[in-house]
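S.K.: Next comes the sequence, and after it the predicted model I'd like to discuss.
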Amino acid sequence: MNLYAIFLRGVNVGGVKVLMKDLSALLREAGFTQVRTLLASGNVVLGSDEADPARVKETVEQILRNRYGRDIPVIVQDREQLERIVAQYPFEAPRDGIQRHEYLVLTGSDRDAADVLDSAPEPAASERVARLGHAICWEVPRGESLRTPLAKHFAKVASRTLVTTRNMNTIGKIHQAVRSPTP
């Protein structure tokens, strides 16, 4: 059994609301096992006999397309990919009294992540950004997650590139769920 983390680009896509209980039922009906949604924001952990994450992605997107009548892109990470991201996340919050958010901007490929960063403005002095393959690690002071030029850039590229952003606390919970799968 292969375990995967599925990240929906959004749970309210073009006016179509994807409820996590409905998503769980759809995935179970399609034959996935150990289906568990996390945090009601488009995060799913599931098991599959399929060994290829790209095939899991195709299947999940087809299920969503059939149910909701439109494309709802997903990013699929297998256990090893998620392990690598968590282990290699490069930032440790400095001890300067400033509260920060740590984010992971997931993209569909290494090339997409490179393109997103190549076209990005320079991070503000208070931000840090680095690429880990298909993921972009981003640290920003609390309260600035939507205001900095880099934050606005990530939001803008989402209209033309498959990206989805998760807080590292959320990634940690998903990582734990993939490591200890219990529905």
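M.R.: Structure received.
S.K.: Strands of the chain, start to end?
M.R.: Read by DSSP state E, the chain holds these strands, from start to end of the chain: 2-8, 12-13, 16-17, 33-38, 43-48, 74-78, 100-107, 128-132, 135-141, 163-167.
S.K.: Include mean pLDDT when you put the ones you listed into CSV, please.
M.R.: Putting these into CSV (pLDDT from 0 to 100) gives the following:
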stretch, mean pLDDT
strand 2-8, 94
strand 12-13, 66
strand 16-17, 80
strand 33-38, 93
strand 43-48, 94
strand 74-78, 94
strand 100-107, 93
strand 128-132, 95
strand 135-141, 95
strand 163-167, 91
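S.K.: The closest residue to residue 54 other than its chain neighbours: how many residues sit nearby?
M.R.: Take residue 54 and drop its neighbours on the chain: the residue closest to it by C-beta to C-beta, 6 or more residues apart in numbering is residue 76, 7.6 Å away. C-betas here are computed from N, CA, C, even on glycine. Applying other C-beta atoms under 10 Å, we find 24 other residues in the vicinity of residue 76.
S.K.: who's in contact with residue 76?
M.R.: Shown in contact with residue 76 (C-beta atoms under 8 Å, 6 or more residues apart in numbering): 4, 5, 6, 7, 53, 54, 56, 57, 60.
S.K.: ends of stretch 4-20, how far apart?
M.R.: Taking C-alpha to C-alpha, to the nearest Å as the measure, stretch 4-20 stretches 16 Å from start to finish.
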